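S.K.: Mind looking at a prediction? Sequence and model below.
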Amino acid sequence: MARADPQPPPAAQPQLILASTSSARRALLDALGLPYRAEAPDYAEHHAPELSPSELVRTLALGKARAVAALHPEAVVVGADQVVAVAGQVWSKPAGEAEARGQLRTLAGRSHELVTGVAVLGPGWERVEHEVAHLTMYPLEEAELEGYLATGEWQGCAGSYRVEGRGLALFSEIRGDQTNIRGLPMTRLVRMLREAGVRFF
């Protein structure tokens with residue numbers, strides 16, 4: 001009986017690094033069950049006013065990923081960034097409670113876009129894409145606005161709200177990928193990781 005030729009061993013799984021220490025992004029990546037580590041990128045963000053929201057998040061996501069990839073050239077690195085776009089303005093994370101209050105007052109009773117850029121880099125391989133969600137916030141009475149600020153959820157969040165927490169109650173309508181709204185568009189990211197050679201099972 002002829003013996004079957006031995007199958008070549010599978011290629012080694014590349015090291016996966018998330019160029020972010022965001023708890024929301026880590027929770028989303030945790031759900032995939034992949035081994036990875038999170039590393040804060042040494043990258044100075046610059047919000048160039050001439051860039052559109054999508055161009056800006058793609059530029060920032062790529063910059064963060066490249067900063068970490070330069071230290072780990074054999075790894076697959078994921079970078080991401082998110083901004084709010086409303087009435088011609090582009091916002092990132094508020095610097096403090098006063099700025100968060102102003103952002104929420106502006107968003108109250110209006111619709112806006114939440115734009116997330118995601119970049120995946122591997123040896124000789126680079127992709128960057130973005131995803132857009134559309135959200136409409138209820139009009140907020142002052143006591144409601146101050147009550148939400150008191151939760152502290154606004155900290156570290158573009159637009160000064162956290163949809164995966166109590167901030168969900170601020171919105172009358174949400175259209176788009178829920179994982180994108182939380183900071184990492186997972187369906188898009190999974191496709192990009194597969195293209196980069198990451199195996200899931």
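M.R.: Thanks, I have it. Numbers count the residues shown, from 1 in each chain.

S.K.: V190: what secondary structure?
M.R.: helix (DSSP: H, G, I helix; E, B strand; the rest coil).

S.K.: Tell me, how many residues neighbour it?
M.R.: Neighbour count of V190, defined by other Cβ atoms under 10 Å: 13. (Glycine included, C-beta is placed from N, CA and C.)

S.K.: Help me confirm that it comes into contact with L34.
M.R.: No: contact criterion Cβ atoms under 8 Å: V190 and L34 do not qualify, at 10.1 Å.

S.K.: Just give me how far stretch 106-113 sits from the chain centre.
M.R.: 20 Å (Cα atoms, centre = their mean, to the nearest Å).

S.K.: swap in stretch 90-97?
M.R.: 15 Å.

S.K.: element containing G79, please.
M.R.: For G79, the element it lies in under DSSP states H and E is strand 76-86.

S.K.: Kindly report the same for R162.
M.R.: Short version: R162 belongs to no helix or strand, going by DSSP H and E.

S.K.: Then N180?
M.R.: Using DSSP H and E, the element containing N180 is helix 178-181.

S.K.: buried stuff in that helix?
M.R.: For helix 178-181, burial by neighbour count (16 or more other Cβ atoms under 10 Å) applies to 179-181.

S.K.: how about CSV for these, with pLDDT and distance to H46 added?
M.R.: What follows is the buried residues of helix 178-181, written out as CSV (pLDDT from 0 to 100; distance: Cβ to Cβ, whole Å):
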residue, pLDDT, distance to H46
T179, 95, 27
N180, 95, 23
I181, 93, 25
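
S.K.: Any stretches of this structure with poor pLDDT?
M.R.: 1-11 (pLDDT under 70).

S.K.: Which helix in it has the most residues?
M.R.: Across the chain, the longest stretch assigned as helix under DSSP state H is helix 53-69.

S.K.: give the contact list for V57.
M.R.: For V57, the contacting residues are 81-83, 115-117, 130, by Cβ atoms under 8 Å, 6 or more residues apart in numbering.

S.K.: Give me the buried entries from those residues.
M.R.: 81-83, 115-117, 130.

S.K.: could you dump those residues to TSV with distance to F200?
M.R.: Converted to TSV, the buried ones among the contacts of V57 look like this (distance: Cβ to Cβ, whole Å):
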residue	distance to F200
D81	24
Q82	24
V83	29
V115	27
T116	21
G117	23
H130	23
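
S.K.: which one among those gets closest to G63?
M.R.: D81 (8.4 Å; Cβ to Cβ).

S.K.: Give the closest residue to the closest one in space, chain neighbours not counted.
M.R.: Leaving out its chain neighbours, the residue that sits closest to D81 by Cβ to Cβ, 6 or more residues apart in numbering is L60, at 3.7 Å.
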